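Asker: No sequence on hand, only this structure:
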């Protein structure tokens, strides 16, 4: 019996050594999944745990380790058999345990049992791509040295015939000295066998019995001189009071002294460590063992001996696959680039077209709810809070949910079908001109959905300078939180002109322009940063492209659902609180008794509108005057007057200035804030209109309209360039381990935003004349 | 260009096959390439030349722009 449950990022309960034994309580164990990128590792994780972890087709998509829970064992059919509660840890895809990037360092830390909150794994499942066994066994050879029981999963087993590969799994198992299970995670075959094998391995009283005969791997794989040097270094570290095992010492000896291995294992120890390692390296070099290249030579030698008689490949030339045929066009220097640009343009066009009707539905529901509240709650602070504070604020943001969902749907499809790595290949030529590489493209593309996962995805970038530049420009990409502002301004102030029978719209084009603006501005910013703050040669770009595949709808929809949930949660917490605070600032300290009395009087007159037409008209005029007076006297009105001179050059009035100020913690708050301010300040005959109508009707004291195309563009440009997201700034702080870079990001982006908005307003105002 | 002369991988013509005969440059960079499966003796096909280029290495597609970090010399194989 196999039962499954999932808890992403849930803390593990402990390992088998500390777990309970039989007697009804399952024993605990931790199992790590590791493999090269694009070996179907995340799909196997999902198949094992029933989770919908994100699956990508490009290197390093699993930036954070994810854990799932798997309960295995069958007490009913076999009373003596233990049940196991297994925490399955999905490690980032890596080619080697010689950690060069931050996410590769995560794998090493987890396997070494040094990752806080994650017990050292009791077993490791190494996922091997059956169609590329030699290279995948390289990582396995390193994992074996960790002395953790290993199961090898020969994944993508369904593809070996098409690739002309023949493998004898039983011979391979014997040759490697460990269990080998053939799996195909995409169609869920071999998963039960893998679980049974895992159960058998965990059931052994001494988990080390599951350890293959690999303890002598290092001495069998590497020359004796190297083994002696490692032993000597282990003793030396011990004498220095640093407890390191053989594997850690091996990595210190082989890996780049500037790399992650040295920082993670030696914790940036003194220069004494550096000089000792240099001394041993020199000694090894004099014996013909040049560090680090002898490692690959030795390991591939070991691999060759292990697969002899196990693996055969067809000598006939491989036929062109469908992926090859598609790539002939999509990776073409010009056609591929054109395809990418057209794809992006159509994506943004379709979002505006498709999202139109669900938006209207949400708006109608909002109006219905507002009327329902007004029918139950008498005029006063509570009604004002519910209708003009919460509903106008939170509802104003939720209305943009369809666009966000469609955006994530498209991004999810492009990622899962394998196109994104092609886009990175296409963009590398351009990015190398800026001194960066195509590897930066993937995090930047993720940032179009949200800068936070984008910045975290920079962990896959090996070059530190490239990574820093990517982190600093990632917030310029137009994340989904900017969409509500763009859509609101575009739908209210850009004329609904269309061409090609409605398939191309001016609004869609302006939206595309706004979404692209940040990435265009990022070009000179990246050039400046690379030229003056992080100078250096462009780093090399090496990336594997996986085969195209039909996107897994389960994975794509899980991704959309995850992001939509996060958006709604934000609307229900941060935006809710901000809406209430803004409402309070716009409601108090003025006395609303007179206004409430007038509204009550009007509502009673409205039961017979024809009979009291003249009275209602007079009353509406009085209510509007009173509302204007009250909002002027409120805290918000006073603050708006104070800030007005600063934002006047941008074409904004004090209300917009206040709304923008309130949106610095989270940019989408501006829509909620504008909704609250204008709902409180709007005339009673406008109260059920959409926010767009209220903005169009807003006037300066002299009666002229506040909003024009120039004002709307100025606001959009400001939002396109400004760093209005506290969570992003905190992520920059965490990833750079410094306060300097979030402060730098905030200052340079805010300055760019102000200047950009000013230039836009001035130019468009002149042009509009 | 004679077929048996080693050439830098970037010089391969589209759809031509070759075998890697030498890798040089910074040792750590060469080490990384070898970990990725690009090593002496492996066969490759140039799918799309240029910087970066697109190669099929042992059946797997790999895009590559080495710049000054390393050099891969290959021996073109007959058509």
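Answerer: Great, that's in hand. Predicted, not measured: the structure shown is a model, and the values here were computed from it.

Asker: Regarding residue A:542, which helix or strand does it belong to?
Answerer: Per DSSP states H and E: residue A:542 is located in strand A:541-545.

Asker: which residues are contacting that strand?
Answerer: Taking contacts as C-beta atoms under 8 Å, 6 or more residues apart in numbering or on different chains, the residues outside strand A:541-545 that touch it are A:37-38, A:58-59, A:327, A:418, A:421-422, A:424-425, A:428, A:432, A:437-439, B:32-33, B:36, B:38, B:52, B:54, B:60-66. The way it works is simple: take the backbone N, C-alpha and C, and place the C-beta from them, glycine included.

Asker: Out of those residues, which sit inside strands?
Answerer: Counting by DSSP state E, those place B:54, B:60, B:61, B:62, B:63, B:64, B:65 in strands.

Asker: Can you name the residues that contact the fifth one?
Answerer: Think residue B:63. Counted by C-beta under 8 Å, 6+ apart, residue B:63 has contacts A:424, A:425, A:428, A:438, A:541, A:542, A:543, A:545, B:52, B:53, B:54, B:55.

Asker: same deal with the fourth one?
Answerer: Contacts were defined as C-beta under 8 Å, 6+ apart; by that measure residue B:62 touches A:542, A:543, A:544, A:545, B:36, B:38, B:54, B:55, B:56.

Asker: The second one and residue A:200: what is the separation?
Answerer: By that I understand residue A:543. Here residue A:543 is placed at a distance of 38 Å from residue A:200 (C-beta to C-beta, to the nearest Å).

Asker: Model confidence for residue 42, exactly?
Answerer: If you meant another chain, say so; for now it's chain A. Residue A:42 carries a pLDDT score of 78 in this model.

Asker: sorry, should have said chain B
Answerer: Value for residue B:42, per-residue pLDDT: 91.

Asker: Now it: closest residue in space that isn't a chain neighbour?
Answerer: Distances taken as C-beta to C-beta, 6 or more residues apart in numbering or on different chains place residue B:20 nearest to residue B:42, at 5.3 Å, with adjacent residues excluded.

Asker: Please apply the same query to residue A:673.
Answerer: Of all residues not flanking residue A:673 in the chain, residue A:659 sits nearest, at 4.1 Å (C-beta to C-beta, 6+ apart).

Asker: quick one: contacts for that neighbour?
Answerer: Residues in contact with residue A:659, defined by C-beta under 8 Å, 6+ apart, are A:670, A:673, A:674, A:677.

Asker: What score does it have for pLDDT?
Answerer: In this model, residue A:659 is scored at 82, pLDDT.

Asker: ok but residue A:29 is inside a helix, no?
Answerer: No - going by DSSP: H, G, I helix; E, B strand; the rest coil, the assignment for residue A:29 is strand, not a helix.

Asker: quick one: the strands in chain B?
Answerer: Applying DSSP E to chain B gives strands spanning B:7-8, B:17-25, B:43-48, B:53-57, B:60-65, B:70-76.

Asker: Find the nearest non-adjacent residue to the residue minimising distance to the centre of chain B, please.
Answerer: The residue lying closest to the centre of chain B (C-alpha atoms, centre = their mean) is residue B:9, at 4.1 Å. Distance criterion C-beta to C-beta, 6+ apart; nearest residue to residue B:9, sequence neighbours excluded, is residue B:72 at 4.3 Å.

Asker: cool, residue A:309 as well?
Answerer: The spatially closest residue to residue A:309, leaving aside those adjacent along the chain, is residue A:171, at 6.6 Å (C-beta to C-beta, 6+ apart).

Asker: Who are the packing partners of the one helix or strand residue A:124 maps to?
Answerer: Following DSSP H and E, the helix or strand that holds residue A:124 is strand A:123-129. Counting contacts by 3 or more C-beta pairs under 8 Å, 6 or more residues apart in numbering or on different chains; DSSP states H and E, strand A:123-129 is packed against strand A:27-35, helix A:41-49, helix A:133-144, strand A:150-155, helix A:191-203.

Asker: Show me what the shortest one is packed up against.
Answerer: What that stands for is strand A:150-155. When contacts are defined as 3+ C-beta pairs under 8 Å, 6+ apart, strand A:150-155 sits against helix A:41-49, strand A:123-129, helix A:133-144, helix A:169-176, strand A:180-182, helix A:191-203.

Asker: Identify the residues contacting the next helix or strand after that strand?
Answerer: Using DSSP H and E, the helix or strand that follows strand A:150-155 in sequence is strand A:165-167. Strand A:165-167 is touched from outside by A:130, A:131, A:133, A:154, A:160, A:310, A:311, A:312, A:313, A:314, with contacts defined as C-beta under 8 Å, 6+ apart.

Asker: residues in contact with residue 44?
Answerer: No chain in the question, so chain A it is. Contacts of residue A:44 (C-beta under 8 Å, 6+ apart): A:33, A:125, A:127, A:153, A:155, A:183, A:185, A:191.

Asker: Sorry, I should have been clearer: chain B.
Answerer: Counting by C-beta under 8 Å, 6+ apart, residue B:44 touches B:9, B:17, B:18, B:19, B:20, B:38, B:55, B:56, B:57, B:58, B:74.

Asker: nearest to chain A, of the residues you listed?
Answerer: residue B:58 (6.3 Å; C-beta to the nearest C-beta).

Asker: before we move on, the earlier item: look up how far residue A:761 lies from the residue nearest to residue A:309.
Answerer: 73 Å.

Asker: Then residue A:297?
Answerer: According to C-beta to C-beta, residue A:297 and residue A:761 sit 64 Å apart.

Asker: So for these two, which sits in the more crowded spot?
Answerer: residue A:761 (23 against 15; other C-beta atoms under 10 Å in any protein chain shown).

Asker: Surely that one is in a strand?
Answerer: No - the assignment for residue A:761, made by three-state DSSP, is helix rather than a strand.

Asker: ok so, going back, could you pull up the mean pLDDT of the strand holding residue A:124?
Answerer: Averaging pLDDT along strand A:123-129 yields 95.

Asker: partners of it, with directions?
Answerer: strand A:27-35 (parallel), strand A:150-155 (parallel) (DSSP bridges).

Asker: what's the closest of those strands to residue A:564?
Answerer: Closest of these to residue A:564 is strand A:27-35, at 27.4 Å (criterion: C-beta to C-beta).

Asker: what's the angle from that closest one to helix A:41-49?
Answerer: Strand A:27-35 and helix A:41-49 are oriented at 160 degrees to each other (axes from the mean of the first three to the mean of the last three C-alpha atoms, to 10 degrees).

Asker: and strand A:27-35 with helix A:133-144, angle?
Answerer: Using the same axes, to 10 degrees: strand A:27-35 against helix A:133-144 is 140 degrees.

Asker: these two touch, right, the residue nearest to residue B:42 and residue B:40?
Answerer: Yes - Residue B:20 lies in contact with residue B:40 (C-beta atoms under 8 Å); the separation is 5.3 Å.

Asker: So which of those two has more stuff around it?
Answerer: residue B:20 (21 against 16).

Asker: so what's the more buried one up against?
Answerer: Contacts of residue B:20 by C-beta under 8 Å, 6+ apart are B:9, B:38, B:39, B:40, B:41, B:42, B:43, B:44, B:72, B:73, B:74.

Asker: hmm, which of these are the buried ones?
Answerer: Neighbour counting by 16 or more other C-beta atoms under 10 Å in any protein chain shown classes B:9, B:38, B:39, B:40, B:42, B:44, B:72, B:73, B:74 among the contacts of residue B:20 as buried.
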